[in-house]
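**Student:** Sequence and predicted structure, then a few things I'm wondering about:
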Amino acid sequence: MLMIEEDCWSEFRGWALWIDHSWSFLRRGH
C-alpha cells in the first residue's frame, strides 16, 4: 500500500514539475 501511494505521489510530482516548466517557458514567449 505504501509503495503504491509513494509511486503515485512520485508520478504526480513529475507531472507538476513538467507543467511548471512548460508554463514558465510559455510565459516567457518562447
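**Tutor:** Noted; the coordinates are in hand. This is a predicted model, so every value here is computed, not measured.

**Student:** Can you give me the pLDDT of residue 24?
**Tutor:** With respect to pLDDT, residue 24 has a value of 92.

**Student:** what's near enough to touch it?
**Tutor:** Contacts were defined as C-beta atoms under 8 Å, 6 or more residues apart in numbering; by that measure residue 24 touches no other residue. Backbone N, C-alpha and C define where each C-beta goes, glycine included.

**Student:** Centre of the chain to the helix or strand harbouring it, how far?
**Tutor:** Secondary-structure element containing residue 24, defined by DSSP states H and E: helix 2-27. Put simply, helix 2-27 sits 1 Å off its chain's centre (C-alpha atoms, centre = their mean, to the nearest Å).

**Student:** now stretch 21-30
**Tutor:** 15 Å.

**Student:** separation between residue 15 and residue 21?
**Tutor:** When distances are taken as C-beta to C-beta, to the nearest Å, residue 15 and residue 21 turn out to be 11 Å apart.

**Student:** what about residue 29, is that helix, strand or coil?
**Tutor:** Reduced to three states with DSSP: H, G, I helix; E, B strand; the rest coil, the structure at residue 29 is coil.

**Student:** neighbours of it, just the number please.
**Tutor:** Neighbouring residues of residue 29 were enumerated by other C-beta atoms under 10 Å; the total is 5.

**Student:** how near is it to residue 12?
**Tutor:** Residue 29 sits 28 Å away from residue 12, going by C-beta to C-beta.

**Student:** With residue 24 instead?
**Tutor:** Counting by C-beta to C-beta, the gap from residue 24 to residue 12 is 19 Å.

**Student:** try residue 20
**Tutor:** Separation of residue 20 from residue 12 (C-beta to C-beta) stands at 12 Å.

**Student:** now do residue 21
**Tutor:** With the distance defined as C-beta to C-beta, residue 21 ends up 15 Å from residue 12.
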